[in-house]
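>>> sequence first, predicted coordinates after that:
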Amino acid sequence: MEGFWLPLGMTAAFGVFSGLLFRLSRAPGYERPFLFPLLGLMAGFIAFFIHLVLVRIANAPDWLLPVLVVLLVWLWLRPFGTRFHRSKKE
């Protein structure tokens with residue numbers, strides 16, 4: 001079991017970290033700032049399972065896992081993500 005839960009937890013933590021980095025790269029004042037680490041967490045989970053399938057099918061290398069996490073976070077937050085609008089605080 002340790003061979004499953006530990007890498008899953010580490011991948012999820014890396015996804016949260018990547019989401020936070022993407023949040024810091026945005027201009028301040030956008031709505032829903034909690035969405036960035038949450039999407040990073042989801043990207044970490046999904047990238048882990050994609051990597052698990054690729055390892056079983058095509059013997060994918062280990063370095064592909066962090067690349068998948070960053071790619072998923074970037075895809076969900078930049079081109080395919082929802083458009084964020086500035087909050088209108090006066």
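Thanks, I have the structure now.
>>> assign the residue most central in space within the chain to helix, strand or coil.
To find the centre residue of the chain, average its C-alpha atoms and take the closest one (Cα atoms, centre = their mean): that gives residue 40, at 2.9 Å. Three-state assignment for residue 40 (DSSP: H, G, I helix; E, B strand; the rest coil): helix.
>>> wait, it sits on residue 34?
No: with contact defined as Cβ atoms under 8 Å, residue 40 does not reach residue 34; the gap is 10.9 Å. C-beta coordinates here come from the backbone N, C-alpha and C atoms, glycine included.
>>> overlap in contacts of the two?
Between them, residue 40 and residue 34 share no neighbouring residue, with contact defined by Cβ atoms under 8 Å, 6 or more residues apart in numbering.
>>> which other residues reach the helix or strand encompassing residue 22?
When elements are assigned from DSSP states H and E, residue 22 belongs to helix 2-25. With Cβ under 8 Å, 6+ apart as the test, helix 2-25 has contacts from 33, 36-45, 47-48, 51, 65-66, 69-70, 72-74, 77-78.
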